[in-house]
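Undergrad: Return atomic coordinates for the entry below.
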Amino acid sequence: MHYLKIHNRSNHAQTFQCHGYNGNKDLTINANGQASLEAADGTSGAIIAVHEGVIGEQCEITKHGFQGNDVIDISNICGAGGNMTCQQVGDPAGKYKGLENFMQACNQAYHKLSQDKKNQLKGHVFLDGKGNVKRIGPPKDFQPLEEFVRTFANGRTYIGVGAWGPNGGNPADNAQSKAGNGSKDILIIYSDGNAAPDPSKPFTGQEATLAVASLASIEAPASMKMVAAAAPALGPGIQLTNKSPRKNTYFFYDNYWNGNGEAGANFDHPLKHVDVGPNQTVHVPLDVGFKGRVQRGDQQPATWGEFQVKASNDGGAHGDISLEQGCDGAATVASTDGSNVSNGFEKDIVKDAPAAAVEKKPNGEKALASTEGNWKGPGNQAAIDWEYKQIGHGKAYIKGGTGVPDVASKNNCLHFTFYVP
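TA: Numbers count the residues shown, from 1 in each chain. So this is what the prediction gives:
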C-alpha cells in the first residue's frame, strides 16, 4: 500500500477536501502537522485546500496510472489561497510540481498592475485589510484572471482547463500531466510560505528523469495546426522530405527500450540510413513495430523526428519533433491519411542563436545544444531560453515529456520534413 503524505507547514490548522481518498471526508491538519492517507494503486482523486469556505489549490493524483506510473500535478484552476507542491517520495528535493511561492508571486504581480487591470479583476482577486492578495477565484471561469495568473505561474501549475475533448488546452498546462516514475508514496506540501519540499534547495524542474524520447506515452492527438495534405496509399514507414539545396543522409534509430512513459534513446546503433536529394521526397518503409526517431546525419546535437509506426492503443502512427538532444534545423511532422494535421516549425532558429546556446557537431556544423543533457553534461539553459522564445511551447519538445500535441496518422505513415539551409 502506498500513501499520500500531507504536510501542513503553516502556523494554523488547514482544512482539505479529499476527493477519492479518506473516504471522501474533509481532513483538517493542525499547524505544522502531518497526515498520511492510504492511496492504493488504481485510485485517483484530489486533495484540495479550503480557504474561507472556498476551494483553492489542489493536488490531483492518479495512482499507478498509464503504464504503471503515478500521475500527479498541482492545479490552480479553481483558485488559490496558499502554496502547494507535490512530488513522488524519493525524488530529488528540487524536482516537484507546483509553484512554491504562488501567493507571494501573485501579490507581487498584482501590485504592479495598472488600476484599470485591478478594476477588471475585482470580484476575482480578494484582498486582506492591508490591501494584499489573500485569495483568488477560479482562473478557468474568467479569462482576464487566467491571463494574469500566467504572468507569474505559467508552466508551474495548471491554470486553465488543459486538454479535454476537442479543446487542445494550453501547452504549459498540458505539460503538467507528465507521468512520474513507477508507483510510490506521494508527498504533498501546503504552506503560507515556501512550499518546496526542502525550502533550502532551489527548484530544478518538474521531472526527475532524463526524458529524451516521449513516444511510449503518446496515446492520441490533441490540438494541431491544419495543413493541406493528400492521402496517398502508403505502406508502413514515413514520407521523408529533404528541404535543402543539397543532398543529405538521414539516419533511423530504434529505441533500446520502451516503457514507464519514456524510452531508452539509441545514440550509436542506427537501424538504417537513406540519402535524399535536394528538395526530394522519398518513402522509407519500416516495420510496424518501429519506435524511435529519424535525424539528419549521425551526430549530435540534432533535431529529432520522434515516432512510432503503430501505437498499441489505436493502431495508428504517432510522432512529434524534439529539440531535447539539440537542434540542427527546423522540422515538421504531418499526417498522410487525409486527416490534415501537422506540428513542428519551419523557422531557422540556429542562424542567429546566441553563442551560449550553440554547440558544434564533431563535423564542425553549427547546432543548438541539448536542452535535457546527455553523456556530455547537463542541459543548456541558454538553448532552452532561446528555443522557447523562438517557437514557444507547443511546436516541439524542448523540456519534459508532455505538452506538445503529437500528430497521428491512421495509415501508419507520417510525413517528416527537415529544413536545411
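Undergrad: measure the closest residue to Asn11 other than its chain neighbours to Gly137 for me?
TA: The shortest distance from Asn11 to any non-neighbouring residue, by C-beta to C-beta, 6 or more residues apart in numbering, is to Ala31 (5.0 Å). For the C-beta atoms, the positions are set from N, CA and C on the backbone; glycine is no exception. Ala31 is 26 Å from Gly137, where distance means C-beta to C-beta, to the nearest Å.
Undergrad: okay, these two: which has more neighbours?
TA: Remark: of Ala31 and Gly137, Gly137 carries more neighbours, 18 against 11, as counted by other C-beta atoms under 10 Å.
Undergrad: The more buried one and Lys122 touch, don't they?
TA: No - at 10.8 Å, Gly137 and Lys122 do not qualify as touching, with contact defined as C-beta atoms under 8 Å.
Undergrad: what residue of this protein is the furthest out?
TA: In the chain, the greatest distance from the average C-alpha position (C-alpha atoms, centre = their mean) is reached by Gly129, at 38.5 Å.
Undergrad: Torsion angles phi and psi at that residue?
TA: Main-chain torsions, Gly129, degrees, to the nearest 10: phi -60, psi -20.
Undergrad: Report the next helix or strand after the strand or helix carrying Lys117 in sequence order.
TA: Under the criterion DSSP states H and E, the helix or strand holding Lys117 is helix 115-120. Moving toward the C-terminus from helix 115-120, the next helix or strand (DSSP H and E) is strand 125-127.
Undergrad: Show me what counts as buried in that following strand.
TA: 125-126 (16 or more other C-beta atoms under 10 Å).
Undergrad: Remind me what it packs against, helices and strands.
TA: Applying 3 or more C-beta pairs under 8 Å, 6 or more residues apart in numbering; DSSP states H and E, one finds that strand 125-127 contacts strand 133-136.
Undergrad: Check what contacts the following helix or strand past the strand it packs on and list those residues.
TA: Going down the chain from strand 133-136, the next helix or strand is helix 143-153, by DSSP H and E. Contacts of helix 143-153 with the rest of the structure, by C-beta atoms under 8 Å, 6 or more residues apart in numbering, involve 76, 99, 102, 105-106, 108-110, 113, 117, 120-121, 124-125, 136-140, 159-160, 170, 172.
Undergrad: Likewise for stretch 33-41?
TA: So stretch 33-41 is contacted by 1-8, 13, 18, 21-22, 27, 29, 61, 63-64, 183, 185-186 (C-beta under 8 Å, 6+ apart).
Undergrad: Over to stretch 342-351?
TA: By C-beta under 8 Å, 6+ apart, stretch 342-351 touches 224-227, 229, 320-321, 327-335, 358, 366-368, 386-387, 390-391, 394-396, 404-407, 417, 419, 421.
Undergrad: Show me which of those are buried.
TA: The neighbour-count test (16+ other C-beta under 10 Å) marks 224-225, 229, 320-321, 327-335, 358, 367-368, 386-387, 390-391, 394-396, 404-407, 417, 419 as buried among the contacts of stretch 342-351.
Undergrad: Narrow the residues you listed to those in helices?
TA: 386-387, 390-391 (DSSP state H).
Undergrad: Please state the offset of stretch 297-317 from the chain centre?
TA: Computed by C-alpha atoms, centre = their mean, to the nearest Å, the chain-centroid distance of stretch 297-317 equals 17 Å.
Undergrad: Give me the buried positions along that stretch.
TA: Along stretch 297-317, these residues count as buried under the neighbour rule (16+ other C-beta under 10 Å): 297-311, 316-317.
Undergrad: Is it possible to mark the buried ones in the contacts of stretch 33-41?
TA: By neighbour count, with 16+ other C-beta under 10 Å, the contacts of stretch 33-41 hold 2-8, 18, 21-22, 27, 29, 61, 63-64, 183, 185-186 as buried.
Undergrad: how about Ala13, what does it touch?
TA: Ala13 makes contact with 28-31, 33, according to C-beta under 8 Å, 6+ apart.
Undergrad: Quick check: pLDDT value at it.
TA: Looking at Ala13, its pLDDT reads 97.
Undergrad: quick one: it from Thr28, how far?
TA: When C-beta to C-beta is the yardstick, Ala13 and Thr28 sit 6 Å from each other.
Undergrad: circling back to that earlier point, and the residue nearest to Asn11, its phi and psi?
TA: The phi/psi pair for Ala31 (degrees, to the nearest 10) is phi -50, psi 130.
Undergrad: How about Gly123?
TA: Phi and psi for Gly123, reported as degrees, to the nearest 10, are phi 90, psi -10.
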